[in-house]
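In: give the three-dimensional model of this entry:
(chains A and B)
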Amino acid sequence: MQQIPYYRLNLQGSMPIKMTIENTIVQQIRRAVSVLYQTEIASDSIVIQETRKEFEGQVTAVTFPFTRFSKKTPEQTGTEIGEYLKDNVKEVEDFNVIKGFLNLSIADSYWVDELLTTIHSSSFGQFPSNGQKVMVEYSSPNTNKPLHLGHVRNNLLGFSVAEILSANGYEVIKVNLVNDRGIHICKSMLAWQMFGNGETPQSSQLKGDHLVGKYYVIFDKEYKKQIEALIDKGQTEDEAKKNAPIIKQAQEMLLKWEAGDQEVIKLWSMMNGWVYSGFEVTYKMLGVDFKKYYYESDTYLLGKDTIQEGLEKRVFFKKDDGSVWIDLTEDGLDQKLVLRADGTSVYITQDLGTAQLKYDDFKMDKSIYVVGNEQDYHFKVLFLILQKLGKTWAKGLFHLSYGMVDLPSGKMKSREGTVVDADELMDEMILTARDRTEELGKVEGFSEQEKKELYHMIGLGALKFFLLKVEPKKRLLFDPNESIDFQGHTGPFIQYTHARIRSVMAKADYQNKISTNYSTILTALEKDLIVNLAKYPDVIAASAKEFSPAHIANYVFELAKLFNKFYHEESILKAEDPDVRNFRLDLSAATASTINKGMKLLGIQVPDRM
RNA sequence: GCGCCCAUAGCUCAGCUGGAUAGAGCAACGGUUUUCUAAACCGUAGGUCUUAGGUUCGAAUCCUAAUGGGCGUACCA
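Out: Now for the predicted structure:
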């Protein structure tokens, strides 16, 4: 009987990749069904899953679908296919059938080989280049206030997705579209002019973004005061909101900015400069970066060409007042304004233009916008318009929509000061990490510098894992009164597991893989660990497909848990048989390396000691 | 009104394209250290997977509706 080749070419052609055991089994089951029941079935009609813990085996096939052809009970069918696989597939050592489930025991030699070759290779989990370019746009802050927890989620998601795509063979371009102009920054500017007395980051000892944010809040207080005063004088709330002098001044300031007024531009540049130096500190702390920054002050006038193009192509139409619209009612959406009657832009106008600009700059195959779910409708419209305009690249656009971070009291509002500030939160996390670590007495022999790095690693690790382990589209509840955990399903748990392994490796003076051909029977836990490690590339692929770091976070947690169990029950260094000892060292090293790789994709560092 | 998203243990969350007795962590209770780091490990307890129909050999998962929550539906960004 001819064996299906063990190696095949992947879709991109160049690099031969090893078939996973699941693939091998799917192909062999097709063959079995063909031989036993004279029926050709499609690969995707075969359901393969991991064997549940309570049963013998590692890979399970569901046999119900085959009973149509076998005309036998699920048990008989399973047994027949099991016999065939056992006789014809060298990796299949044994099988059992329970109800309609065919559980296959894969030979230890297969798993050993898997560990010592595939898993131990440094490129494990890194896919070869697929020749495609992808842009990830994230962060996108406003420059009138410091970053808060919601931005932190955005930044971590964006950074992580970029890392994940890179591991999947994409060339990744990270960009940040900064919203540096508009009424909001004018509010901060105006309040600073009125009440600031020339205060600067230096004179106030405040981080630039916090200083500017302070005046944003001051503006709002003053604005509210004026509204109340007008209401007392008999105006309605709506009238008062429009007529308050301070808001009118802010609007005037925006007009001046747009007219290029020297004074206003100077103030704007100065205050934005403060904000940028503040953001830089925050980004560095978070560990995120960008290849390119786009500024709305440069792009807000873009898009008018696109509007013209749309009119020519009759995708858009002009109303009598001169405003330009698109009718999306056939697509189940509404009519949408794309240019005001006075010829000025709206939000979507600039986004159309910016999308074109970004494409012209990089010619990427895919473009991911990491933006909160309150803009779902906007992006649906944006992408649809670009498609209607015949932009071939528009089908590569994707809105990675994520849920808001809510407090128990409800939504965070910068203006009202009910926000969890990013800088403060990170500082707190690091302090907590320090306290916890010192309590446990874990830093003997650490230099001050090492301690500092460790606390940062642990504090940020806890925060990042907390935010990334949840599926992006789900909203996230954060209770500032309940500190983020350091035990259980957390970043520090995984970091700790890594440190444990590294400690063992250090004791053994482990450098490189030491086992050659290992022939001893694997223990159940060893096998579990290898089976789990072998899944890593699939997890990387799946998380890229769904743009979800949460898969990786949960996978790495499982892996760490499994290792801790193994560590607890089976000695590594004290194993009597030197072969066993060496093999377990290799297994541990592979686990540490995979934890490290996975965590890196989340933007989380792992320490060697903690 | 219309549209989109969410609903799983007391709390925070997993559960992949339908598959075996729905899983973790936290909190609660009990246990494990002269042995490689106890930020660990083991155990107990905790569930009508919001509800009602439907499709299927089989539904937490797919379809329909209802209920509850969030968001959007701006000539704001």
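In: now do the residue of the stretch 401-550 of chain A found nearest RNA strand B, the pLDDT please.
Out: Relative to RNA strand B, the nearest point of the stretch 401-550 of chain A is residue A:488 (2.1 Å; Cβ to the nearest atom of the strand). From N, CA and C alone the C-beta is placed, and that goes for glycine too. Looking at residue A:488, its pLDDT stands at 95.
In: wait, is it part of a strand?
Out: No: under the criterion used here (DSSP: H, G, I helix; E, B strand; the rest coil), residue A:488 is coil, not part of a strand.
In: distance from the chain centre to stretch A:540-548, please.
Out: Distance of stretch A:540-548 from the chain centroid (Cα atoms, centre = their mean, to the nearest Å) equals 9 Å.
In: repeat for stretch A:295-303
Out: With Cα atoms, centre = their mean, you get 27 Å for stretch A:295-303.
In: quick one: list the elements packing against the helix or strand residue A:351 falls within.
Out: Secondary structure assigned from DSSP states H and E places residue A:351 in helix A:347-362. If contacts are counted by 3 or more Cβ pairs under 8 Å, 6 or more residues apart in numbering; DSSP states H and E, helix A:347-362 sits against strand A:133-137, strand A:171-178, strand A:292-295, helix A:296-299, helix A:304-312, strand A:335-339, strand A:366-372, helix A:376-388.
In: C-terminal to the longest one, what's the next element?
Out: In other words, helix A:376-388. Per DSSP H and E, the first helix or strand lying C-terminal to helix A:376-388 is strand A:397-402.
In: sheet-wise, list the partners of that following strand with their directions.
Out: Partner strands and pairing direction for strand A:397-402 (DSSP bridges) are strand A:366-372 (parallel).
In: got the angle between the partner strand and helix A:347-362?
Out: Taking axes from the mean of the first three to the mean of the last three Cα atoms, to 10 degrees, one finds strand A:366-372 and helix A:347-362 inclined to each other by 140 degrees.
In: RNA strand B contacts on the stretch 301-450 of chain A?
Out: Those residues of the stretch 301-450 of chain A that sit near RNA strand B, judged by Cβ under 7 Å from any atom of the strand, are A:319, A:321, A:323, A:332, A:334, A:337, A:340-342, A:345-347, A:350, A:373-378, A:403-404, A:411, A:433, A:436-437, A:440, A:442.
In: ok so, going back, so how far is the helix holding residue A:351 from its chain's centroid?
Out: 23 Å.
In: buried sites along that helix?
Out: Buried residues in helix A:347-362, counted by 16 or more other Cβ atoms under 10 Å: A:348-359, A:362.
In: what about it, average pLDDT?
Out: For helix A:347-362, the per-residue pLDDT averages 96.
In: give me the angle between it and helix A:304-312.
Out: For helix A:347-362 against helix A:304-312, the angle by the same axes, to 10 degrees is 110 degrees.
In: and helix A:347-362, C-alpha only, in PDB?
Out: Output in PDB follows, covering the C-alpha atoms of helix A:347-362 (Å, rounded to 0.1, in the frame of the first residue of the first chain):
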ATOM      1  CA  TYR A 347     -15.000  62.700   8.500                       C
ATOM      2  CA  ILE A 348     -15.500  60.200   5.800                       C
ATOM      3  CA  THR A 349     -14.200  62.600   3.100                       C
ATOM      4  CA  GLN A 350     -10.800  62.600   4.800                       C
ATOM      5  CA  ASP A 351     -10.900  58.900   5.500                       C
ATOM      6  CA  LEU A 352     -11.400  58.300   1.800                       C
ATOM      7  CA  GLY A 353      -8.500  60.400   0.900                       C
ATOM      8  CA  THR A 354      -6.300  59.000   3.600                       C
ATOM      9  CA  ALA A 355      -7.000  55.400   2.500                       C
ATOM     10  CA  GLN A 356      -5.900  56.400  -0.900                       C
ATOM     11  CA  LEU A 357      -2.800  58.100   0.400                       C
ATOM     12  CA  LYS A 358      -1.800  55.100   2.500                       C
ATOM     13  CA  TYR A 359      -2.300  52.800  -0.400                       C
ATOM     14  CA  ASP A 360      -0.200  55.000  -2.700                       C
ATOM     15  CA  ASP A 361       2.500  55.100  -0.100                       C
ATOM     16  CA  PHE A 362       2.800  51.400   0.500                       C
END
